[in-house]
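Colleague: only geometry, no sequence info:
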């Protein structure tokens, strides 16, 4: 029995990519800027080699054991779906469409006709700011709030007492069915919230993402077809539209997702445990909360020994990310960055450099090779380095 535990620290970037300026992200450095602004107490990630990555202002642990590296994003994007798909083996040659001026009239007209009501918003906005701006009007009219961001998303916000959550999900499914082809955004996102007035609205944990199905086979499909278990935690099931999964726990928030992952690790299974920890991105990165981001990193690090303790001799732990979201950068959007790669397998007694990988898909190639499966992702496995 073999297991791979793949943990995605959503948005924990490791410095601007060479083409970051083309995305408005010159100088971005999620880990580096947090470390420059507060002392980061993350000894367990440092013990895996994190501090040996260049340019992130984290002191190296000279006694580190494990493997460390960083990866470049080959796809032309910096969003959640693009990043996760690439680490699962799909490289997108064209980015998902974005709407810096809001969605065109034909899109909104078709959506409003299908749901039988008008909408509010239709512009790029911070998810919390737009609630303060339009939440009270939404409560008076019952019209759902539609907004987007620099990412390829169609977000629908609704108060849980005005539009019940099951109906909000129905609205998202209607939008998802319509937003195909030219307007095929990466994700339609349900954003339920509660509260009585502006300044007191709060988004709840019943968010759901409705993604396009993957455009090609992924490592999840390869593992499932080979009879392996493929277990998702958090929004993994949303990102891959449930394809390639044999089980899922749609936990919300980092603590709940960590608990769910550890519960899976207490079970016997042969295959992949794929975990997304979203709070780094949604709760701290987009809100440009440096201290909150840093504390979330420390919380994850404090819980890493729980993963170590449950690892068997044939378990491989991989920690990586899907993009950046530098809380010290301008704006509120994702940032185009390298992502870290940290690996651990029992018996590792030295620090192994993995270098700079040319694609996130190198992780998919590594996982497939670890299970003895062919990979067709045009990527380079780093399994030989791990087993050196």
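Modeller: Good, I have the coordinates. Since the structure is predicted, the reported quantities are computational estimates derived from the model, not experimental observations. Numbering: from 1, shown residues only.

Colleague: got the buried residues for whatever helix or strand residue 190 lives in?
Modeller: Using DSSP states H and E, residue 190 sits within strand 187-194. Within strand 187-194, the residues that qualify as buried are 187-193, counting by 16 or more other Cβ atoms under 10 Å. Yep, even glycine has a C-beta here, placed from its N, CA and C like the rest.

Colleague: and of these, the nearest to residue 58?
Modeller: residue 187 (31.1 Å; Cβ to Cβ).

Colleague: quick one: least confident helix or strand in the protein?
Modeller: In the chain, the helix or strand scored least confidently by mean pLDDT, DSSP states H and E is strand 208-211, which has a mean of 91.

Colleague: for it, name the packing helices and strands.
Modeller: helix 165-178, strand 187-194, helix 236-239 (3 or more Cβ pairs under 8 Å, 6 or more residues apart in numbering; DSSP states H and E).

Colleague: what strands line up against the second one, and which way round?
Modeller: Strand pairing for strand 187-194, using DSSP bridges, gives strand 153-159 (parallel), strand 202-203 (antiparallel), strand 208-211 (antiparallel).

Colleague: coming back round to it: quick one: the strand holding residue 190 to helix 165-178, angle?
Modeller: 160 degrees (axes from the mean of the first three to the mean of the last three Cα atoms, to 10 degrees).

Colleague: average pLDDT for strand 187-194?
Modeller: Across strand 187-194, pLDDT averages out at 96.

Colleague: got the contact list for it?
Modeller: Strand 187-194 is touched from outside by 79-81, 127, 131, 135, 145, 151-161, 165, 168-169, 171-172, 175-176, 179, 201-204, 206-212, 238-239, with contacts defined as Cβ atoms under 8 Å, 6 or more residues apart in numbering.

Colleague: so how far is residue 248 from the residue of the chain positioned farthest from its centre?
Modeller: Using Cα atoms, centre = their mean, the residue of the chain lying farthest from its centre is residue 140. It sits 34.3 Å away. Distance from residue 140 to residue 248, counting by Cβ to Cβ, to the nearest Å: 37 Å.

Colleague: other SSEs contacting the lengthiest helix in the chain?
Modeller: When the chain is parsed with DSSP state H, its longest helix is helix 290-310. The contact analysis (3+ Cβ pairs under 8 Å, 6+ apart) places helix 290-310 against strand 3-9, helix 30-37, helix 43-46, helix 254-265.

Colleague: what lines up beside whatever helix or strand comes next after it in the sheet?
Modeller: Under the assignment DSSP H and E, the closest C-terminal helix or strand after helix 290-310 is strand 315-320. Strand 315-320 sits in its sheet next to strand 3-9 (parallel), strand 339-345 (antiparallel), going by DSSP bridges.

Colleague: any buried residues in strand 315-320, and which?
Modeller: 315-320.

Colleague: so what's residue 148 up against?
Modeller: Residue 148 neighbours (Cβ under 8 Å, 6+ apart): 98-99, 102-103, 123-125, 154-155.

Colleague: which of these fall in strands?
Modeller: The members of the contacts of residue 148 that map onto strands under DSSP state E are 123-124, 154-155.

Colleague: in TSV: those, plus neighbour count.
Modeller: Putting the ones in strands among the contacts of residue 148 into TSV (neighbours: other Cβ atoms under 10 Å) gives the following:
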residue	neighbour count
123	16
124	19
154	24
155	24
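
Colleague: so which of those comes closest to residue 90?
Modeller: residue 154 (20.9 Å).

Colleague: per-residue confidence at the closest one?
Modeller: 97.

Colleague: go on, the one 3 residues further on?
Modeller: Reported pLDDT at residue 157 in the predicted model: 98.

Colleague: okay, and the beta partners of it?
Modeller: Taking DSSP bridges as the rule, residue 157 bridges to residue 145, residue 191.

Colleague: give the contact list for the nearest residue to residue 247 once chain neighbours are set aside.
Modeller: Spatial nearest neighbour of residue 247, chain neighbours left out: residue 231 (4.7 Å); criterion: Cβ to Cβ, 6 or more residues apart in numbering. By Cβ under 8 Å, 6+ apart, the contact set of residue 231 is 245-249, 264, 269, 271-274.

Colleague: same thing but at 6 Å, please
Modeller: If a contact means Cβ atoms under 6 Å, 6 or more residues apart in numbering, then residue 231 has 247, 264, 273 as its contacts.

Colleague: surely it is within a strand?
Modeller: Yes. Judged by DSSP: H, G, I helix; E, B strand; the rest coil, residue 231 forms part of a strand.

Colleague: may I have the beta-bridge partners of it?
Modeller: Residue 231 forms beta bridges with residue 247, residue 273, as assigned by DSSP bridges.

Colleague: next: residue 202.
Modeller: Judged by DSSP bridges, the bridge partners of residue 202 are residue 194.

Colleague: residue 347 should be in a helix, yeah?
Modeller: No. Using three-state DSSP, the assignment for residue 347 is coil, not a helix.
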